[in-house]
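>>> Just a sequence and a predicted model for now, questions to come.
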Amino acid sequence: MSETLETIQDYYKRLSHLHANDGTILDVELGKSHFNISPRKYCDFKTPYNRRDFYKISLILGKGWFKYGPHELYIDRPALFLPALNIPYSWVCDTNEQEGYFCLFNQEFFTGSQTFEPFKKTSLFKEWSKPIVFLDAEQLNLITTFFDNMFRLNNSGYPLRCSAIKSNLAAILHLALEWRVEDVAPQDQSGSLRMYRLFDELLHKQFPLDSPAYPLALHTAADFARQLNVHVNHLNASVKSVTNLTTTQIIKRKIFEEAKNLLIYTDWNVAEIGYTLGFEEPAHFNNFFKKNAGTSPLKFRQKNK
């Protein structure tokens, strides 16, 4: 079965026939935070088998089949679905009776908020975690409340709705962890996945940064390879096979994410932030940030502080 990467823009184009019914936003500006939520009443079709570059959480009330990576999962009772970005999946309804919600959000929405910082060191949305949490009646009633709140807020004019939506989404993620997002057994993980997991855990263990006195210790693929006691080519091949991204791309994305957080949430000057993130020269940090954000660190801080 072939797979491609579906972007959030591709997703809206594919579902453009729903716009008149649910108020879906078509034009998602690149680099901007985005969140949306819809009822699953239109879920009577087959979704393509793709990887996604956006997060999607589904509250599933209805029967159907997931093709998730190499596995097939049959859903026959209420469930929460939290897929990893890098694993392709598709859904086929078994009946026309489909209810619940799905919400989707991009990486800017998830990584650009300290509300979600605790979840980045957990198994949520990781390639080695099982994506399904089955719900009993009590759990279903509780989690439905948070989805109802997000749907109501998303369609309201409340000035602080974005913050309120994030609080409700964080509550859902906490419940998913409390109710057990299980890991795939080590014997069922490929060697590449086990290596990527070690790299991912080591990467996220370094963040958030607390002080300019303690700069980032590992900031290149070679640094991580030495720490993991493997050849850098082996690390690169493992990471690429799981994520379709290079080790360097993932490291730089995390450094850029932390740079934005430090500019918004600390009073460190730009040179201190650059040095703490591993840039010996302020000009190198300025060039890196401008390449990724389209603006200088100082202008970004002035706009977002």
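It's in.

>>> wait, residue 230 sits on residue 194?
No - taking contacts as CB atoms under 8 Å, residue 230 lies outside contact range of residue 194: 11.3 Å. The way it works is simple: take the backbone N, C-alpha and C, and place the C-beta from them, glycine included.

>>> helix or strand for residue 177, which one?
helix 161-178 (DSSP states H and E).

>>> Would you mind listing the buried residues in that helix?
Under the neighbour-count criterion of 16 or more other CB atoms under 10 Å, helix 161-178 has 161, 164-166, 168-173, 175-176 buried.

>>> and if you look at stretch 41-59?
43, 47, 49-59.

>>> Closest one of these to residue 7?
residue 53 (5.1 Å; CB to CB).

>>> Number of residues surrounding the nearest residue to the closest one once chain neighbours are set aside?
The spatially closest residue to residue 53, leaving aside those adjacent along the chain, is residue 7, at 5.1 Å (CB to CB, 6 or more residues apart in numbering). Counted with other CB atoms under 10 Å, the neighbours of residue 7 add up to 16.

>>> dump the residue contacts of residue 7.
Each residue near residue 7 by CB atoms under 8 Å, 6 or more residues apart in numbering is listed here: 52-54.

>>> isn't residue 129 right up against residue 83?
No - Residue 129 is beyond contact range of residue 83, at 9.6 Å (criterion: CB under 8 Å).

>>> Residue 288 versus residue 84, what's the distance?
27 Å (CB to CB, to the nearest Å).

>>> Can you get me the start-to-end distance on stretch 147-162?
14 Å (CA to CA, to the nearest Å).

>>> What lies in contact with that stretch?
By CB under 8 Å, 6+ apart, the list of residues contacting stretch 147-162 reads 23, 33, 35-39, 59, 100-101, 103, 164-165, 168-169, 172.

>>> Pop the domain breakdown of this structure in here.
Following the TED database, the chain resolves into domains at 5-179, 191-304.

>>> Kindly reformat the ones you listed as TSV and extend each row with mean pLDDT.
Listed next are the domains of the chain as TSV, based on pLDDT from 0 to 100:
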stretch	mean pLDDT
domain 5-179	87
domain 191-304	92
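
>>> contacting residues around residue 279?
With CB under 8 Å, 6+ apart, residue 279 has these contacts: 285, 288.

>>> more crowded one of residue 84 and residue 288?
Just comparing residue 84 and residue 288: by other CB under 10 Å the higher neighbour count belongs to residue 84, 22 against 19.

>>> and the gap between that one and residue 238?
16 Å.

>>> Once you drop chain neighbours, what's closest to residue 55?
residue 105 (5.3 Å).

>>> And the strands in the stretch 1-150 of the chain?
5-6, 35-39, 51-52, 55-61, 64-68, 71-75, 79-81, 89-93, 99-105, 132-134 (DSSP state E, counting those that start in this stretch).

>>> Show me the one of these that comes nearest residue 234.
Nearest of the strands of the stretch 1-150 of the chain (CB to CB): strand 51-52, 23.1 Å.

>>> Please tell me I have it right and residue 64 contacts residue 96.
No - with contact defined as CB under 8 Å, residue 64 does not reach residue 96; the gap is 10.5 Å.

>>> And the residue nearest to residue 53, how far from residue 34?
11 Å.

>>> one step back: got the contacts of residue 7 as JSON lines, with distance to residue 269 columns?
Listed next are the contacts of residue 7 as JSON lines, based on distance: CB to CB, whole Å:
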{"residue": "52", "distance to residue 269": "38"}
{"residue": "53", "distance to residue 269": "33"}
{"residue": "54", "distance to residue 269": "34"}
